[in-house]
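# What would the 3D arrangement of this be:
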Amino acid sequence: MTCEMTHREQRLDDFLLRKLSEPEAEAFEIHVFGCADCLQELRMREQMIMLMQEERATVSAAIPRLAKPREGFLRKIADFFSLRPNVWIYAGVAATLLVGFFIAQLLRRQEPPDIYAANFVELPHLESRVGQAFRSGDFPLSVISPQIGENFTGEIFFRWEIKKDEKKFSGPLELKILDNRENLVHTATVESGQYNLKENLAPGIYYWTLDYQGETLYVGKFFVKKPKK
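Presented below is the predicted three-dimensional model:
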């Protein structure tokens, strides 16, 4: 049975971000642990928030290292000034350029958290289809991997099984991978029920589909995390 809670996504986010009052949170907990749809969505959204926080922390930690220029660079500027009579003019120009350079570097380095955050924004019209198997009467589909909301840092192994008339179905299917801007980032025609993606994807949310003769049979979802160094 599909959950009929109004503003469900907003309620889930408010619960995870501790925006609900104590009575509201307790009532929501009672509902969630009795509702399979909400419990599954809660776990996926919790993973998404944790991934976004990890990416922000990783990029923010790199910013202070850019604040201090190299000693050799400053020495070259000093030598340049000592050989020229109009030292104050050169000094003023150099100082202006130097300040502008480091401000631009810091601003550029502060952009990635927003970019990473944007990569984890869900697509509502695809979220509503995640986990659903279409034409299940014609092609009973069992997806083995990736599981919905599964995290990856490297290769991604896709595996599924379709049976038709009690026999294993192995007709050519088209596997498509979309980013959260609905850009097609990878596609492949698969004769068997498995496919190994070795291409490195940028961190973010990805949706994948299995299509047969132009019709979508399944919509899945997974996360790509930045590998730990």
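
# so N196 bridges to which residues?
Beta-bridge pairing for N196 (DSSP bridges): F157.

# And S128, how close does it get to E9?
Distance of S128 to E9, computed by C-beta to C-beta, to the nearest Å: 10 Å. From N, CA and C alone the C-beta is placed, and that goes for glycine too.

# now do K163
35 Å.

# now E191
From E191 to E9 the distance is 38 Å (C-beta to C-beta).

# okay, the two: which has more neighbours?
Of the pair E191 and E9, E9 is the one with more neighbours under other C-beta atoms under 10 Å, namely 13 against 10.

# That one looks like it's in a helix, true?
Yes. Membership of E9 in a helix is supported by DSSP: H, G, I helix; E, B strand; the rest coil.

# what's the burial count for L173?
25.

# cool, and D14?
Around D14 there are 15 other residues, counting by other C-beta under 10 Å.

# E4 now?
E4, neighbours per other C-beta under 10 Å, totals 8.

# mind checking pLDDT for it?
Looking at E4, its pLDDT stands at 72.

# Which secondary structure elements does the helix or strand harbouring V185 sit against?
If you go by DSSP states H and E, V185 is part of strand 184-190. Strand 184-190 is packed against strand 173-179, with contacts defined by 3 or more C-beta pairs under 8 Å, 6 or more residues apart in numbering; DSSP states H and E.

# and the strand it packs on with strand 184-190, angle?
170 degrees (axes from the mean of the first three to the mean of the last three C-alpha atoms, to 10 degrees).
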